[in-house]
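Enquirer: The following block contains a protein sequence and its predicted model.
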Amino acid sequence: MVVEDVRTQHVLKNVPIIDIGDFDQHKERIAQELHSAAVNTGFFYVKGHGISPQLINEIFAAGHEFMKLDSKTKEQYVWVPDRYLGWRSQQNLESVTGNKLWEWFSFGRYGVGGYDVRQQKFLGERWPTELGDTWKQLSLKYQAQVHEVALKLLRALAISLGRDEHTFEEPFDIDHEENPSFMAWNYYPPIDNDAKDLPPRLHAHADMDIITLLMQRPGDTGLEIAPGKDIDVNPDLDKIGNIWNAVPTAKHWTPVDPIEGAFTVNLGDGIAWWTDGLFKSTYHRVRAPTGNDSRGARMSVPYFVNPNLNFKFQGPEKKYPPLTGFDLLAKTGNAYEARKNDPEGKWQKAAYTDALKRTMVQANGHANGHACCQQGPGYATPLDAFKNGKREEIVYLPAVQPTGDKPDYLATVDVLPGSSTYSQVIHRLPMPNVGDELHHSGWNSCSSCHGDPSAARSLLILPAVGSGRVYAIDTAKDPKAPQLAHTAEPEDIQGQTGLAYLHSSHCLGSGDIMISAMGDPSGKGKGNFILLDQKLKVKGKWTEDTTQYGYDFWYQPRHNVMVSTQWGKPSEFTKGFDPSKVESSYGSTLTFWDWKERKIVQQVNLGADGLIPLETRFLHDPSQAHGFVGAALSSNVIHFTKGSSGKWETSVVVRQPWTKVEGWILPEVPPLITDILLSLDDKYLYFSNWLRGDIVQYDISDPAKPRFASRLFVGGVVAASQGKIKVTGGLPEDTPTLPEVPRVKGAQLHGGPQMLQLSLDGKRLYVTNSLFSAWDKQFYPDMAQKGSYLLQIDVDTDKGGLKLNPDFFVDFGAEPDGPVLAHEVRYPGGDCSSDIWL
Ligand SMILES: O=C(O)CCC(=O)C(=O)O
Ligand SMILES: [Fe+2]
């Protein structure tokens, strides 16, 4: 489906003045005049609205009072994307417009409190107390009166469409906590008399609301519009919705100078959508003063009318799919965050089409994100993958030779119930070398390239920890019989980057493949990243900055951040684990990188709380600045989030006791978190305790306060000791005694749960039990000899709960060429740990 440009093809640069005095008597005339303006310019003046000049003066004065507060005070009311309200400094807006020429404060019916759309929670009222109650009452009074004017205009517009007069009214109940209509003050500081060739004070944009009622001051010129064909929108962008900086260029700008006491009114993207494109949402900007224009400060007071967040609307011709109030508003935050941090220009398309794609997928009922137009791999959003993702039918696992004398291979397992080879290895692809120690894997391309129709998820990337080699396996030609496509040899990688001991692989929106390295070829610790192209040609190092150790990483362009973690010194961990070397040879630091600049911006040494921080995940929702890391040895889950100052803040959100024992190498067994994973709806966090033997599920609806949901024991060192190790204390509260380790399909489970993978819909959790051959041999000698397994656990996604699937068990001890150690699980269509959304 091609979306047409809802902005008019027919240009009339007349911005009419519509008198709405005696509204009830003149409804029909007003409706007619509004209709003509709405389908032509999308901009008009409204007079006769009944708001007193005195109140208008007062509201401007109130705006200046706020702007004059010192920035420390204003900082307390800082703009929060989840609420879309608050103060945005000139510095903050520089990231939106590229200039420090504009400042903003917005508030709703409940001040800067109101409704948090992420937490879906009403947060109550919050006002800048420094300005007193009179200020608040004045603001509320003005807002209430403008809202009444807006409702009149919406009534007249409904009449003009031959619809019931009250059609547009229902979702705009200003007192409803979910109604995100809001007021704002735009403050444009004075401009130096000598300044020349200044860019616009406010860049070209269209409003992402239903209707905006803007009050301008006489003499404060600068507002300009470019209706219809006056505008040149970047043709690569989809042509509906606001684009906070597609930076459209215009052939002509038509001035919309202030008329004393009149509102300058414009229609937003929402009503364009709601009328199938009949009403126009027009690009506008505030140009810098020229000629005789005043160089003084400029202030304007817009009121943005938005429908309730859960209100769904669609045009009568259903030209566009239903959109919710939230979708409409979400574009603001997404686009802002994306633009601020976009490293490679991909944000434009992603942010712009996000809401559109989501709703189109729903409307067209397609099984995946390819519904509306030809698209790249993966899904438009994590929720799209969660709701519409295809069920996994096969999975891939690297199978490592415990003896190291035969090649590792990629195993393909049938996971489709009812299939004749269900729960069996159906294909084995041996690597051309021995001694690779395959470990993790990634894709050449994932949902980060969803906006790129030329990209395809066709190569499984297998970095080898042992050899420092990388393989690309073609899984597209025949998914059930993948074949080797490309190899990057260690000599090339080391020659160009000096890096070895490769670990996590992620694809980037740019088409490059990025792999973390943990050391140099001699086994010294060195955390850095290699970049490869789609054919595995080595492009070099990602950065000149280096961390002491390396391991996992996750990037989040909308917050311009990448986070990376640490294992230890390769010369040490490849021999096995010596607890006395923790201090000298293992890491405990989280590194936050400037994603765009490829530089370390912050390092947090987690100390004893964060020994050996291994797997790290951001929430899948790319607008969120929340993530987690599992500190393996400390056995804590650590949450990190961006604080108000922009610094990343960490806190331990899950703390686990160590099991007190007799008969083991140490007096206590650390649970040892070796993997963590988040469901695509960001509702549940899972982690595995490799030594204690349990898999744990936490509800992370509030990411800073995970709630325990469920636990399942599938092994552990105590169980594996067959009575030799005795527990004397330190078990989790919900499990005062260790449960019996279950049998599946007749097999006694051994080892401990390690790598996790979750189905897109969050209902099936896959688990393997091998960690790393040297550590397997040390802690679970039996598993190293007998081979590992793959289990599948059924998840209760409503209330939480984990249950072993009794019909699924893949025994890698029974492989034709002898036992192997299977590691990370991937599905051909994407999963919960390889896709990153931009
Ligand atoms: O300051 C102005 O006149 C225009 C403001 C505007 O376009 C906006 O706030 O969306
Ligand atoms: Fe605007």
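Expert: Happy to help now that I have it. Owing to the predicted nature of the structure, the values given are computational and were not obtained by experimental measurement. Ligands and ions are numbered 1, 2, ... in the order given.
Enquirer: what residues are up against residue 714?
Expert: 693, 694, 695, 741, 742, 749, 752, 753, 767, 769, 791, 804 (CB atoms under 8 Å, 6 or more residues apart in numbering). From N, CA and C alone the C-beta is placed, and that goes for glycine too.
Enquirer: Repeat the analysis, applying 10 Å as the threshold.
Expert: Listed by CB atoms under 10 Å, 6 or more residues apart in numbering, the contact partners of residue 714 are 688, 693-695, 739, 741-742, 744, 749-753, 767, 769, 789, 791, 793, 802, 804.
Enquirer: again with residue 689
Expert: Shown here is residue 689, whose contacts under the criterion CB under 10 Å, 6+ apart are 630, 632, 635, 656, 659, 669-675, 695-696, 711, 713, 715-716, 732, 752-754.
Enquirer: Then residue 148?
Expert: If you count contacts by CB under 10 Å, 6+ apart, then residue 148 has 49, 50, 51, 174 around it.
Enquirer: Which residues of the stretch 151-300 of the chain lie near ligand 1?
Expert: Residues of the stretch 151-300 of the chain lying close to ligand 1 (CB under 6 Å from any ligand atom) are 186, 202, 207, 214, 216, 223, 284, 286, 300.
Enquirer: Kindly recompute the last result at 8 Å.
Expert: Applying CB under 8 Å from any ligand atom, one finds that the stretch 151-300 of the chain approaches ligand 1 through 184, 186, 188, 201-202, 205, 207, 212, 214, 216, 220, 222-223, 264, 266, 284-286, 298-300.
Enquirer: what do you get for the stretch 351-500 of the chain?
Expert: Proximity of the stretch 351-500 of the chain to ligand 1 is not found for any residue under the rule CB under 8 Å from any ligand atom.
Enquirer: residue boundaries of the helices in the stretch 351-500 of the chain?
Expert: When secondary structure is read from DSSP state H, counting those that start in this stretch, the stretch 351-500 of the chain shows helices at 382-388, 490-497.
Enquirer: From the contact counts, what lies against the last one?
Expert: Using 3 or more CB pairs under 10 Å, 6 or more residues apart in numbering; DSSP states H and E, the elements in contact with helix 490-497 are strand 470-474, strand 500-507, strand 513-519, strand 525-532, strand 538-541.
Enquirer: is it possible to export the ones you listed to JSON lines including distance to residue 562 and mean pLDDT?
Expert: Rendered in JSON lines, the data for the helices and strands packed on helix 490-497 read as follows (distance: least, CB to CB, whole Å; pLDDT from 0 to 100):
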{"stretch": "strand 470-474", "distance to residue 562": "20", "mean pLDDT": "97"}
{"stretch": "strand 500-507", "distance to residue 562": "9", "mean pLDDT": "96"}
{"stretch": "strand 513-519", "distance to residue 562": "9", "mean pLDDT": "97"}
{"stretch": "strand 525-532", "distance to residue 562": "9", "mean pLDDT": "97"}
{"stretch": "strand 538-541", "distance to residue 562": "14", "mean pLDDT": "96"}
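Enquirer: Need the ones you listed in CSV (columns: mean neighbour count).
Expert: Putting the helices and strands packed on helix 490-497 into CSV (neighbours: other CB atoms under 10 Å) gives the following:
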stretch, mean neighbour count
strand 470-474, 23
strand 500-507, 27
strand 513-519, 27
strand 525-532, 24
strand 538-541, 16
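Enquirer: got JSON lines for the ones you listed, with distance to residue 464 too?
Expert: As requested, the helices and strands packed on helix 490-497 are arranged in JSON lines below (distance: least, CB to CB, whole Å):
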{"stretch": "strand 470-474", "distance to residue 464": "7"}
{"stretch": "strand 500-507", "distance to residue 464": "6"}
{"stretch": "strand 513-519", "distance to residue 464": "10"}
{"stretch": "strand 525-532", "distance to residue 464": "13"}
{"stretch": "strand 538-541", "distance to residue 464": "15"}
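Enquirer: Between these, which one is closest to residue 463.
Expert: The stretch from the helices and strands packed on helix 490-497 with the least distance to residue 463 (CB to CB) is strand 500-507; that distance is 3.6 Å.
Enquirer: residue closest to the middle of the protein?
Expert: Among the residues of the chain, the one closest to the centroid is residue 622, at 0.9 Å (CA atoms, centre = their mean).
Enquirer: How about it: what's its closest non-neighbour residue?
Expert: The shortest distance from residue 622 to any residue that is not its chain neighbour, by CB to CB, 6 or more residues apart in numbering, is 4.3 Å, and that residue is residue 837.
Enquirer: Just say helix, strand or coil for that neighbour.
Expert: Secondary structure of residue 837, reduced to three states by DSSP: H, G, I helix; E, B strand; the rest coil: coil.
Enquirer: where in the chain is pLDDT low?
Expert: 1-13, 95-98, 118, 228-251, 330-375, 451, 453 (pLDDT under 70).
Enquirer: need the longest helix for it.
Expert: Of all segments of type helix in the chain, defined using DSSP state H, the longest is helix 132-160.
Enquirer: Next secondary structure element downstream of that helix?
Expert: For helix 132-160, the following helix or strand on the C-terminal side (DSSP states H and E) is strand 182-188.
Enquirer: For the closest residue to residue 184 other than its chain neighbours, give its distance to residue 735.
Expert: If the residues on either side of it in the chain are set aside, residue 184 comes closest to residue 106, at 3.8 Å by CB to CB, 6+ apart. Note on residue 106: its distance to residue 735, by CB to CB, to the nearest Å, is 49 Å.
Enquirer: between those two, who's got more neighbours?
Expert: When residue 106 is set against residue 735 and neighbours are counted by other CB atoms under 10 Å, the residue ahead is residue 106, at 21 against 12.
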